[in-house]
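Peer 1: Build the 3D model from these lines:
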Amino acid sequence: MRIACYGVRPLERSYFEKLNKYDYDLKLIPEYLNRENVTQAKDCDAVLVRGNCLCDRTNLQQFKDYGISWVFTRSVGVDHFDLEAAKDLGISVARVPNYSPYAVANLAFTLGLTLSRHVGEAAHHVHEQDFGMHPDYFATEFNRLKVGIYGAGKIGAVEGKMWKGLGAEVYAYDPYPSDFAKQYCTFVSEEDLLATCDIVSVHVPYFPGKNDKLINADFIGKMKEGAVLVNTARGELADEAAIAAAVSSNHLSGYGADVISSEKKIMGHNFDCESDVPDQEVQSLMDLYPRVLLTPHMGSFTEPALEDMISLSFNNFHNMATAGAVDARNEVVAAPESSSSASEKLRA
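Peer 2: Next comes the predicted model:
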């Protein structure tokens, strides 16, 4: 099976090669899938993408024209896909929902710690030769914090576990609390969590057209004065103008995010100056550094998570080729009629 793998960073190439236990013929493409490089899959049997790849109807139709019916992603989320188009075209889509939850949880935890202890502000001032003791550095201690986990799935629950280990009071809001999360979090209403917690860390999936800008002025207005907000879920969940306004007015003491709403235009690019960043709202957040800490969607950029994402993706392709289906938990769109034709193509 020849697989076109998009968005493979140079550091990741050796992992794709050493984890290739099924001996696939891998075409490793460093750029995210876009309108121009879709043609690089022309000689392939299947495609593997990642978040921020352009899996819209036009590109999926191009894959279908090449005889490709399996377009899988090595990410949890699938909001970079036009799933309706995939279904219409008979393209199977699978994901990897079960890679290490510690990767993103570690980063969310780190952002919350850093902002609540004002480490970024202090380090920034010292970098500018200011060793003074600013009143803004005054903080409480971690064991006295009330931390709110907004969405206590695997990642959120693991972050709750970390805070619990420091002695913090950990609360969670989730309509479907798991037994694992209940070990570390006390479940409360959304209103109670926002009103009482010193740190609110968001871990909910993004559903296009349903929870866009969930973190808006109303959401923030319900939060405790001076709280820290962390978003390592999806940029589309955040009303970035409202967040910038809340930090500027000191209603929020800080904001940490690994995601932004316009990632396809920004992530993976290196700009000469801030004014070149093609999003005014992101620029507004950047202006608030170090009270706003933005990272380049690096939450899953750890060795255990990378190994999981690659191995599970390869397993998805193997299961589809040998059994005609992937694990039900990994399946997003199933196209059994096209799967059989793709298998015939591979056998040919």
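Peer 1: quick one, helices of the stretch 201-348 of the chain?
Peer 2: 217-221, 240-248, 263-266, 280-286, 303-323, 336-347 (DSSP state H, counting those that start in this stretch).
Peer 1: What is the longest one packed up against?
Peer 2: Which is helix 303-323. helix 13-18, strand 46-49, strand 71-73, helix 102-116, helix 336-347 (3 or more Cβ pairs under 8 Å, 6 or more residues apart in numbering; DSSP states H and E). C-beta here means a position set from N, CA and C on the backbone, and glycine is covered the same way.
Peer 1: One more: the second one?
Peer 2: Using 3+ Cβ pairs under 8 Å, 6+ apart as the contact criterion, the elements in contact with helix 240-248 are helix 217-221, strand 252-257, helix 280-286.
Peer 1: how about these in a markdown table, adding mean pLDDT?
Peer 2: A markdown table is the format used below for the helices and strands packed on helix 240-248 (pLDDT from 0 to 100):
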| stretch | mean pLDDT |
| --- | --- |
| helix 217-221 | 98 |
| strand 252-257 | 98 |
| helix 280-286 | 97 |
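Peer 1: Looking at the ones you listed, which one is packed in the most?
Peer 2: Among the helices and strands packed on helix 240-248, strand 252-257 has the highest mean neighbour count (mean count of other Cβ atoms under 10 Å), at a mean of 25.
Peer 1: picking that back up, turn the helices of the stretch 201-348 of the chain into a markdown table, including distance to Ile29.
Peer 2: Converted to a markdown table, the helices of the stretch 201-348 of the chain look like this (distance: least, Cβ to Cβ, whole Å):
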| stretch | distance to Ile29 |
| --- | --- |
| helix 217-221 | 38 |
| helix 240-248 | 30 |
| helix 263-266 | 16 |
| helix 280-286 | 26 |
| helix 303-323 | 15 |
| helix 336-347 | 20 |
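Peer 1: Lowest average pLDDT across those?
Peer 2: Among the helices of the stretch 201-348 of the chain, helix 336-347 carries the lowest mean pLDDT, a mean of 40.
Peer 1: what's the closest of the helices of the stretch 201-348 of the chain to Arg13?
Peer 2: Between Arg13 and the helices of the stretch 201-348 of the chain, the tightest spacing by Cβ to Cβ is seen for helix 303-323, at 10.8 Å.
Peer 1: which parts of the closest one are buried?
Peer 2: Neighbour counts over helix 303-323 (16 or more other Cβ atoms under 10 Å) mark 305-306, 308-317, 319-321 as buried.
Peer 1: mind listing what Phe109 touches?
Peer 2: Taking Cβ atoms under 8 Å, 6 or more residues apart in numbering, we find Phe109 in contact with Glu159, Met162, Trp163, Ser201.
Peer 1: any idea how far it is from Ser311?
Peer 2: Distance, Phe109 to Ser311, by Cβ to Cβ, to the nearest Å: 25 Å.
Peer 1: which residues does the residue lying closest to Arg57 once chain neighbours are set aside contact?
Peer 2: Using Cβ to Cβ, 6 or more residues apart in numbering and skipping the chain neighbours, the partner closest in space to Arg57 is Ala85 (3.7 Å). Counting by Cβ under 8 Å, 6+ apart, Ala85 touches Asp56, Arg57, Leu60, Gln61, Ile91.
Peer 1: Quick check: PyMOL command selecting the buried ones in these.
Peer 2: Of those, the buried ones go into a single PyMOL selection, burial set by 16+ other Cβ under 10 Å:
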select buried, resi 60+61+91
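Peer 1: confidence score at the spatially most central residue of the chain?
Peer 2: With distances taken as Cα atoms, centre = their mean, the chain has Ala233 as the residue nearest its mean C-alpha position (5.0 Å). Ala233 carries a pLDDT value of 96.
Peer 1: Give me the phi and psi for it.
Peer 2: Here is the backbone geometry of Ala233 (degrees, to the nearest 10): phi -90, psi -80.
Peer 1: Now do the contacts for it.
Peer 2: Going by Cβ under 8 Å, 6+ apart, Ala233 touches Gly151, Val202, His203, Val204, Pro205, Tyr206, Val259.
Peer 1: Show me what the second one is bridged to.
Peer 2: According to DSSP bridges, Tyr150, Asn231 are recorded as the beta-bridge partners of Val202.
Peer 1: I'd guessed it sits against Leu237; true?
Peer 2: Yes - under the criterion of Cβ atoms under 8 Å, Val202 makes contact with Leu237 at 6.5 Å.
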